[in-house]
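Student: Task: produce atomic coordinates for the following.
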Amino acid sequence: MSISRLERQALESRAISRRPSFGQTLHHTLMMAYRTLLRVRRTPEQWADVTFQPIVFTLMFTYIFGGAIAGNVQNYLPLIIPGLLVMTVVTTSIQTGVQLREDMDTGVFDRFKSLPIARIAPLAGALLADTVRYLIATVLTLAMGYLMGYRPEGGIAAVALAALLVIVSAWAVSWIFAFFGVVARTAASVQGLSMVILFPLTFLSNALVPAKTLPHILQIFVRFNPISHLVTAIRALANTGTVNGNLAVSLIGAAVIVLIFAPLTVRAYMRKA
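Tutor: Numbering: from 1, shown residues only. A predicted model of the protein is given here:
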C-alpha cells in the first residue's frame, strides 16, 4: 500500500519533531553515565585499574627507584608522586576505548538504538562516567603519596588545580582511545594498540627519572614528549605552587586532541549507531 506525498511529509515532520533537544540530549547523556557507573555493582573488577594500580605503582616505583635516583625515598617523593599521578590517570583512559568496543561487540549499543534517546548519548555518557574513574585514581595516588610522607608545598589549592589538570588531560586523551574503540575490530586490539602508543610516551618521559640522567638521544625525545610537559606542570603546581609555560602547553595539547579526535570519533560512531 503506497502513501501519498502529504502523508510522507507528515511522517518526516513527525520524525524531525522527535529529535531530542540539547536539554534532552544532556539528560540522556547523564542517564547513560549513571548506567555505566551502575555496572560496578555487577563487575567491580573493572575498576581494578583505578583502585589497585595507583597503590601498586606508587609502592613499587617509589621503593625500587627511590634510593638509586634520590638517595632515599623521602627525597624521591616530590619527583615520583606527580609523575605517577600522570602515568596512572592517563593510562586509565585506555579502558574507555576497551569498554566501548566490548559494548558494541556484545550488542549493548544495538539495544540503545531502539530506545527513544539521543544517538550520541551512549558515547558521551561513557566518556563522562570515566571522569569518575580518573578522579578515583587521582585521589588514591595522592593519598598513597601522603601516607608515604609526601607533603606538597604548593598548598591545597595548587594541588587541587594539579589534580584537575590531570583529569582534564586524561579526558582529552580518552577521545583517542574512544576512536580506537569505535573503529577497531576487537577489544583486545584496542588495548594492544593503546599500549603500544601510550607506554613509550609515559615511560620515556620525566615521570620516573630526571631527563638529564638519560642518554642524549632520549633527552631530546623527553623534551618534546607531551607527557613530560604535563608532569613538569604538575610538579610545579604541587611542589611549589607555581605556574609555568608547561601548563599552557598541556592545556593547548589537550584542546588539540579533543578538536581532532572528538569529531573523528563522533563521525565514526554515528555511522555505526
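
Student: any idea how far the nearest residue to S169 once chain neighbours are set aside is from L230?
Tutor: Using C-beta to C-beta, 6 or more residues apart in numbering and skipping residues adjacent in sequence, the residue nearest S169 is A254, 5.1 Å away. C-beta coordinates here come from the backbone N, C-alpha and C atoms, glycine included. With distances taken as C-beta to C-beta, to the nearest Å, A254 is found 9 Å from L230.

Student: Overlap of the contact sets of the two?
Tutor: S169 (C-beta atoms under 8 Å, 6 or more residues apart in numbering).

Student: who has more neighbours, the two?
Tutor: When neighbours are counted by other C-beta atoms under 10 Å, A254 and L230 differ, and L230 comes out ahead with 31 against 20.

Student: Identify the residue nearest that one in space, chain neighbours excluded?
Tutor: S250 is the one closest to L230 (C-beta to C-beta, 6+ apart), at 4.6 Å.

Student: pretty sure that neighbour is touching A233, no?
Tutor: Yes - if you go by C-beta atoms under 8 Å, S250 and A233 touch, sitting 5.2 Å apart.

Student: before we move on, the earlier item: tell me who's in contact with the residue nearest to L230.
Tutor: Taking C-beta under 8 Å, 6+ apart, we find S250 in contact with L165, S169, P226, H229, L230, A233.

Student: Okay, and which of those residues map to helices?
Tutor: Using DSSP state H, the members of the contacts of S250 that fall in helices are L165, S169, P226, H229, L230, A233.

Student: before we move on, back to that, show me which of the contacts of S250 are buried.
Tutor: L165, S169, P226, H229, L230, A233 (16 or more other C-beta atoms under 10 Å).

Student: before we move on, back to that, contacts only, for the residue nearest to S169.
Tutor: Applying C-beta under 8 Å, 6+ apart to A254 gives the contacts V168, S169, W171, A172, V173.

Student: okay, now N72: neighbour count?
Tutor: Using other C-beta under 10 Å, N72 is surrounded by 10 other residues.

Student: How about I220?
Tutor: Neighbour count for I220, taken as other C-beta under 10 Å: 12.

Student: Starting from V89, give me the distance back to it.
Tutor: 26 Å.

Student: Output the lowest mean pLDDT helix or strand found in the chain.
Tutor: In the chain, the helix or strand scored least confidently by mean pLDDT, DSSP states H and E is helix 5-17, which has a mean of 43.

Student: Can you report phi and psi for P215?
Tutor: Backbone torsions for P215, taken as degrees, to the nearest 10, come to phi -60, psi 160.

Student: nope, A118 is what I meant
Tutor: Note on A118: backbone dihedrals following degrees, to the nearest 10 are phi -60, psi 140.

Student: show me the contacts for it.
Tutor: By C-beta under 8 Å, 6+ apart, the neighbours of A118 are P20, Q24, T25, H28, T29.

Student: What is the most widely separated pair among the buried ones among the contacts of S250?
Tutor: Pairwise distances across those peak at 12.7 Å for L165 and P226 (criterion: C-beta to C-beta).

Student: Of the contacts of A254 - the most surrounded one?
Tutor: That'd be V173 among these, by other C-beta under 10 Å, with 29 neighbours.

Student: for the chain, what spans make up the helices?
Tutor: Secondary structure of the chain (DSSP H): helices located at 5-17, 22-38, 48-70, 73-92, 94-105, 108-113, 121-147, 156-183, 187-203, 216-224, 226-235, 245-272.
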